[in-house]
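Engineer: Pasting the sequence and the predicted model now:
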Amino acid sequence: ARVVYHLPDGTEQAVDVPAGQSVMDGSVRNNLPGIVAECGGSCSCATCHVFVEDPGAGQFDPPSDEEAELVEFLEGARPSSRLSCQLIISDQDEVHVEVADSSL
Ligand code: FES
């Protein structure tokens, strides 16, 4: 899928992310800023915070309890907040995510 990352500095970057990889993988592999992914995708650091606005949100599995709990305590969280390491690409054509400003 084509994943378009809307970065905190107002620019955007589009990356091709193969099925089975996460939105976090696509960012880290291409050295995009904003997604730190300290824990390497094990859903424990919450430094991979992104916002997925509708209609894209429904293209991913709903958050696990673990993810929902982490997101709840994030600074600047919105209803559309997700941890990008838990957003696994399947058959989407194009996905847009807004990368949370990690300095918040
Ligand atoms: Fe750590 Fe997503 S990379 S929670």
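Structural biologist: Done, it's in. Remember, it's a predicted structure, so these values are computed and weren't measured experimentally.

Engineer: switch to C-alpha atoms for all contacts and neighbour counts from now on
Structural biologist: Will do.

Engineer: ok, stretch 49-67 near the ligand or not?
Structural biologist: No: Stretch 49-67 does not reach the ligand (C-alpha under 6 Å from any ligand atom); its nearest approach is 7.2 Å.

Engineer: Now find how far off-centre that stretch is within its chain.
Structural biologist: Remark: stretch 49-67 is offset 8 Å from the chain centroid, using C-alpha atoms, centre = their mean, to the nearest Å.

Engineer: Span of that stretch from start to end?
Structural biologist: End-to-end distance of stretch 49-67 (C-alpha to C-alpha, to the nearest Å): 11 Å.

Engineer: repeat for stretch 14-24
Structural biologist: Chord length of stretch 14-24, first to last residue, is 13 Å (C-alpha to C-alpha).

Engineer: what's the answer for stretch 50-58, then?
Structural biologist: End-to-end distance of stretch 50-58 (C-alpha to C-alpha): 15 Å.

Engineer: and if you look at stretch 63-82?
Structural biologist: From its first residue to its last, stretch 63-82 covers 7 Å (C-alpha to C-alpha).

Engineer: Name the residues of it that are buried.
Structural biologist: Judged by neighbour count using 16 or more other C-alpha atoms under 10 Å, the buried positions of stretch 63-82 are Glu67, Leu70, Val71, Ser81, Arg82.

Engineer: Give me the phi and psi angles of the second one.
Structural biologist: Read that as Leu70. phi -60, psi -40 (degrees, to the nearest 10).

Engineer: What score does it have for pLDDT?
Structural biologist: With respect to pLDDT, Leu70 scores 96.

Engineer: mind listing what it touches?
Structural biologist: Neighbouring residues of Leu70 by C-alpha atoms under 8 Å, 6 or more residues apart in numbering: Ser44, Ala46.
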